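Visitor: model the structure of this input:
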Amino acid sequence: MPTLFVNHISKTYKPPACAGMAGRPASAGRETSVLSKIVFEVKPREFVSIIGRNASGKSTLLKIIAGVVEPTSGTFTVDGNVAYMPQDHTLLPWRTVEENLLLPSDIQNISRGATRARIKSLLAEFGLDQYGGSYPSLLSGGTRQKIALLRTIIQNASIILLDEPFAMIDALTRLESQTWLQAFVQKNQASALLVTHDMQEAIFLSDTIYVLDSGTGDIKEKFTVPISRPRLHEHLHAPEALALEKTLFSLLVE
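Guide: Have a look, this model is predicted:
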């Protein structure tokens, strides 16, 4: 039983009708097909990445699985619950870092006591314990993004959905965050679905990579990452990793 199974998901956007001239009916613009009959699965404890060019529908697909957007057709099933991190950190400016991390517990009406202890542990593990009482406006963009990532994974979801979680972080912090995320997902035996433009990031983190075709809106290719775990960023220089990166790049620029 996969943690997530996506079955022929399609999404078409209909533009608003244009007002007609006096005595003439209104006319509708052209429909835009973003996704077309997407089929894939995420297995228990599997890390899956979806890569594709801009406007290929990657973020839309994540929003559909998160329940933010309705598909035009198709279905998906999730064995458990979902935690979703959009591209924007969406931290509440009137809450401190610790209060932002408590938000999922507040929504689910879970006691704050046990959650506070876990939050303090994770903040220390992620090197962010000095920011617990700070407000988001006082933090750098990279730090806010890392706090948002913590808020997502702290929910103990069956699968975490990550939409470009490291895009706003500097290169060194991004490498550290990727290593931390890899360890966290393995330690907690969670499943993850990542959307990214970064081919090396996808190779480093993933068990499976799907390439989304921006022209047709469906899955173009599927790859199994041939690198054993645990991984170091040095492994990206191995011949098999470089060969996979070259193949992914050629598919994206076609």
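Visitor: helices of the stretch 51-200 of the chain, start to end?
Guide: 58-66, 97-101, 103-107, 112-125, 141-153, 171-188, 199-205 (DSSP state H, counting those that start in this stretch).
Visitor: the following helix or strand past the last one - contacts with which helices or strands?
Guide: Okay, so that is helix 199-205. Counting by DSSP states H and E, the next helix or strand C-terminal to helix 199-205 is strand 208-212. Here strand 208-212 touches strand 47-51, strand 219-224, helix 239-253, going by 3 or more Cβ pairs under 8 Å, 6 or more residues apart in numbering; DSSP states H and E. All C-beta atoms are positioned from the backbone trio N, CA, C, and that covers glycine.
Visitor: CA atoms of stretch 148-167 as PDB?
Guide: Extracted C-alpha coordinates of stretch 148-167, given in PDB (Å, rounded to 0.1, in the frame of the first residue of the first chain):
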ATOM      1  CA  ALA A 148       8.900  26.900   8.100                       C
ATOM      2  CA  LEU A 149      10.500  23.600   7.200                       C
ATOM      3  CA  LEU A 150      10.600  22.600  10.900                       C
ATOM      4  CA  ARG A 151       7.000  23.500  11.300                       C
ATOM      5  CA  THR A 152       6.100  21.200   8.400                       C
ATOM      6  CA  ILE A 153       8.100  18.200   9.500                       C
ATOM      7  CA  ILE A 154       7.100  18.500  13.200                       C
ATOM      8  CA  GLN A 155       3.600  17.500  12.400                       C
ATOM      9  CA  ASN A 156       4.400  13.800  12.200                       C
ATOM     10  CA  ALA A 157       2.600  13.500   8.900                       C
ATOM     11  CA  SER A 158       2.700  10.300   6.800                       C
ATOM     12  CA  ILE A 159       4.000  12.300   3.900                       C
ATOM     13  CA  ILE A 160       5.500  15.800   3.800                       C
ATOM     14  CA  LEU A 161       5.000  17.900   0.600                       C
ATOM     15  CA  LEU A 162       7.900  20.300   0.000                       C
ATOM     16  CA  ASP A 163       7.700  23.000  -2.700                       C
ATOM     17  CA  GLU A 164      11.200  24.400  -3.300                       C
ATOM     18  CA  PRO A 165      11.900  24.500   0.400                       C
ATOM     19  CA  PHE A 166      15.500  25.700   0.000                       C
ATOM     20  CA  ALA A 167      15.100  28.100  -2.800                       C
END
